[in-house]
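Undergrad: With the sequence up front, the predicted model follows.
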Amino acid sequence: MAKKKKTKSKKKTPQASKKPNVADDKAVAPKKKKVVDRKKDYTTGIIKTVYPAILGVIFGFISFYALGVGISGEETGMLYPWYFIMMVVAGATYYIQRYTYPFLNIDVEEFEGKDWLYVEFIAVDLWLLSWTLLLN
């Protein structure tokens with residue numbers, strides 16, 4: 001019978017505990033925003049909320065005085081149904097906001113899809129709300 005040779009196993013030496021590096025902690029920890037940046041973000045958020053709301057109410061009054069009841073037909077004098085007008089209002093408010101935000105010191109290039117959905121929802125929602133209230 002052949003004897004099995006015992007091989008020497010290399011024992012791993014325990015590594016000395018590393019001291020935490022201060023530079024590593026700075027890279028991992030999130031940077032805190034300055035007070036000025038937080039105030040600017042706050043005012044920008046308020047403008048992004050109030051401006052589409054005002055546009056929506058303005059378009060609600062325009063719809064009421066220009067289109068009336070929103071029912072298409074020969075007897076009412078309106079040529080387009082309300083959902084077509086809603087799409088026109090959404091498109092118009094989008095382009096108005098896209099080209100007027102730079103005058104309000106808001107960078108449009110930083111907007112993502114969710115930001116545009118947010119401001120468009122506010123504009124269209126308040127358009128429909130104000131037009132409905134004026135119709136009643």
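TA: Structure received.

Undergrad: Okay, buried residues for the longest helix seen in the chain please.
TA: Scanning the chain for the longest helix, with DSSP state H as the assignment, gives helix 35-67. By neighbour count on 16 or more other C-beta atoms under 10 Å, the buried set for helix 35-67 is 44, 48, 51-53, 55-60, 63-64, 67. Bear in mind the C-beta positions are built from the backbone N, C-alpha and C, glycine included.

Undergrad: got it, and stretch 79-96?
TA: 82, 85-86, 89, 93-94, 96.

Undergrad: I'd like to check which residues are in contact with residue 118.
TA: residue 48 (C-beta atoms under 8 Å, 6 or more residues apart in numbering).

Undergrad: before we move on, could you check phi and psi at it?
TA: phi -60, psi -50 (degrees, to the nearest 10).

Undergrad: how close does it sit to residue 53?
TA: Separation of residue 118 from residue 53 (C-beta to C-beta, to the nearest Å) stands at 12 Å.

Undergrad: residues shared between the contacts of those two?
TA: Counting by C-beta under 8 Å, 6+ apart, nothing touches both residue 118 and residue 53.
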